[in-house]
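> Got a predicted structure plus its sequence, pasted below:
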Amino acid sequence: MQSSSPTEIAAVALAGTSTSDDPVVRFLVAIAVVIIVCHALAWVFGKLGQPPVVGEILGGLLLGPTGLTLLWPAGSAWLLTPSVMATLSAVAQLGLVTFMFLLGSELQVVKGATGTRVLAAVVAGSLVLPFAGGVVLAVMGRSVIAGPAAHPVTYTLVFGLAMSITALPVLARILVDEGMQEGRVGQVALACAAIGDGAAWMALTVILTLSGLVGSGGLGLTIGMVAALTLTTFLLVRPALARLVERAPAGAMLGPVLVAGALAYAATTQLIGLHAAVGAFLFGTALPRGAEVVMTVRKQLHGFTQVVLLPLFFAGVGLSTAISAVGGSLRNWLLLVAVVLVATITKFVGAGGAAYLAGMSARHSLQLGALMNCRGVTELVIATICLQYEIVNSSGFTILVLMALTTTALTGPLVRSCRTGRMGLVVHRRMAPKTKP
C-alpha cells in the first residue's frame, strides 16, 4: 500500500471522511491498541509482583509476529503496515530519548570515599564476571548461535558484552515501582548502571569499528568525538545551563530548550556511533540539581513520557521481534537455560559480591546484585544490533531476547526477597551492616 501524500490526507480530514486505507486512521488506532494492551498487561504483571515493563514488552510481542499475526493475520496486516511500524518506531525512539534525559537529570552523585569505592567495585564486578561467562558460552555454543558473517573474535566479544548489560531505563522503572529510587542502594545501582552502560556502549562501538562495521571515520576519530562531547558537556554546557536556570523567569522557554538540547545530544551520539539514549542521558546529567524550575519541567515531561511515549518504545521492540522456537534440538534448549542461569548468577555474584567486599552491608549487597541483573530493553537493542550485522543468527537472537525477558522478570521478586530477607540466607553477625542505608 502506498502512503497518502500530506495533501490527500488533509483533503480527507477536511471532508470529514475516513477510509480503511487512511494511514492516519491506522496510525492512531495502532497507538490506541498498543497503549491499551501494554498498560493492561503492565497492570496485570504489576499485580503479580513483576516489573510492569515485562508486561509492556510482552504486549508488544503479542501484537507482533508472535501473537496477533498468528491468530489474526488479516487484522495484523491492516493495523501494522510497514508505514505504521516505521512511524511507531520513530515515536518510540522519542520516548526513549525523553525518558533517558529525565533519568539523567534525576541522577544523584554518590559522595564520599565509600561511595567511590563501591561504585568502582560494582561497575567492575557487574561487567567483568558476566562478560567472562558470556565469552565461555559463546565459544561453547558457536555452532548454534553464531551468525553467518560473524568473525570469531567479534562474535565472542559482542556476545560477552551482551551478557554484561544492565538496562538503565528498566532499572529506573523498577526502582520507582519498588520505592527505592532515592535510597542509597537505588542511587548506587543507577550510577553503576549508567557508568556500566556507557562503558558497554563504548566497548561495542570500539568492537564494531575495529571490525569495520561502523564508524567510517575511524576508531581514533570516534573516540576523540566522544571525549570531546563529554568534556564540552561538563566544562561548558553544565555551567551554561546553571546560568540559564538562574535567569529563567518561572521557567519561560526552559522546557523547550532542555528538550531540544536532549534531542541534539541524542542525535550527536547516534551520529558518532553510540546509541541516541546515551546522548540524552549525558545531557540530563548536566542539569542543575535541586532547582525548582527544573523540577517543574521534569514533572511536565514525566507524565506524558510514562503514559504514552515509553510504552510505545517497549512495544516497538516487541512488535519488531519475531519470537520463534529456539529449535527442536535439545542442545539449543540447554544452551538457552545455560545462558539464563549464567547471566543471572554472574551478574548477581559479580555486582553483589563486589559491593560487599567494598564495604556495603550484606543485605544491601544482595539487593544491588539483584537490581543489576535487570537487562530489559537495552539487551533487546544489543540483540537487534547483533542480528543486523549477522553477528548472531536467529537462534542466537531469540536466546538473547528470552534471556532479557527472564532476567528482567526475576529482578523484582529477587529484590523484594533480598529486602525482606526471604531468600533463605542467614546473615551472621560478622556480616552486619557496614554502611548506613
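Perfect, thanks for sending it.
> So which residue is smack in the middle of the protein?
Central residue of the chain (C-alpha atoms, centre = their mean): residue 378, 3.4 Å from the mean position.
> Report the buried residues of the secondary structure element (helix or strand) that that one belongs to.
Per DSSP states H and E, residue 378 falls inside helix 376-388. Residues of helix 376-388 classed as buried: 376, 377, 378, 379, 380, 381, 382, 383, 384, 385, 386, 387 (neighbour count, 16 or more other C-beta atoms under 10 Å). (C-beta placed from N, C-alpha, C; glycine too.)
> could you pull out the helices for the stretch 51-200 of the chain?
Listed in chain order, the helices of the stretch 51-200 of the chain (DSSP state H, counting those that start in this stretch) span 52-63, 68-71, 73-79, 82-106, 112-140, 142-145, 152-163, 168-178, 184-210.
> show me the contacts for residue 170.
51, 53, 374, 375, 376, 377, 378, 408 (C-beta atoms under 8 Å, 6 or more residues apart in numbering).
> and what of residue 248?
254, 293.
> coming back round to it: identify, from the buried residues of helix 376-388, the entry nearest to residue 71.
Nearest to residue 71, judged by C-beta to C-beta, of these is residue 380 at 22.8 Å.
> Distance check, that closest one against residue 180.
The gap separating residue 380 from residue 180 is 24 Å, by C-beta to C-beta, to the nearest Å.
> and the angle from the host helix or strand of residue 303 to helix 82-106?
Using DSSP H and E, residue 303 maps to helix 292-304. For helix 292-304 against helix 82-106, the angle by axes from the mean of the first three to the mean of the last three C-alpha atoms, to 10 degrees is 150 degrees.
> from the middle of its chain, how far away would helix 292-304 be?
21 Å (C-alpha atoms, centre = their mean, to the nearest Å).
> Distance from the chain centre to whichever helix or strand comes after that helix, please.
Sequence-wise, the next helix or strand downstream of helix 292-304 (DSSP H and E) is helix 310-319. In terms of C-alpha atoms, centre = their mean, the centre of helix 310-319 is set 11 Å apart from its chain centre.
> other SSEs contacting helix 310-319?
Here helix 310-319 touches helix 23-47, helix 52-63, helix 82-106, helix 376-388, going by 3 or more C-beta pairs under 8 Å, 6 or more residues apart in numbering; DSSP states H and E.
> which one of those lies closest to residue 134?
Per C-beta to C-beta, nearest to residue 134 of the helices and strands packed on helix 310-319: helix 376-388, 11.1 Å.
> which other helices and strands contact the closest one?
Contact here means 3+ C-beta pairs under 8 Å, 6+ apart; on that basis helix 376-388 packs against helix 52-63, helix 152-163, helix 168-178, helix 184-210, helix 310-319, helix 394-420.
> swap the cut-off to 10 Å and go again
Under the contact criterion of 3 or more C-beta pairs under 10 Å, 6 or more residues apart in numbering; DSSP states H and E, helix 376-388 touches helix 52-63, helix 152-163, helix 168-178, helix 184-210, helix 276-285, helix 310-319, helix 394-420.
> is it possible to export those to a markdown table including distance to residue 73?
Below are the helices and strands packed on helix 376-388 laid out as a markdown table (distance: least, C-beta to C-beta, whole Å):
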| stretch | distance to residue 73 |
| --- | --- |
| helix 52-63 | 13 |
| helix 152-163 | 32 |
| helix 168-178 | 31 |
| helix 184-210 | 36 |
| helix 276-285 | 33 |
| helix 310-319 | 15 |
| helix 394-420 | 21 |
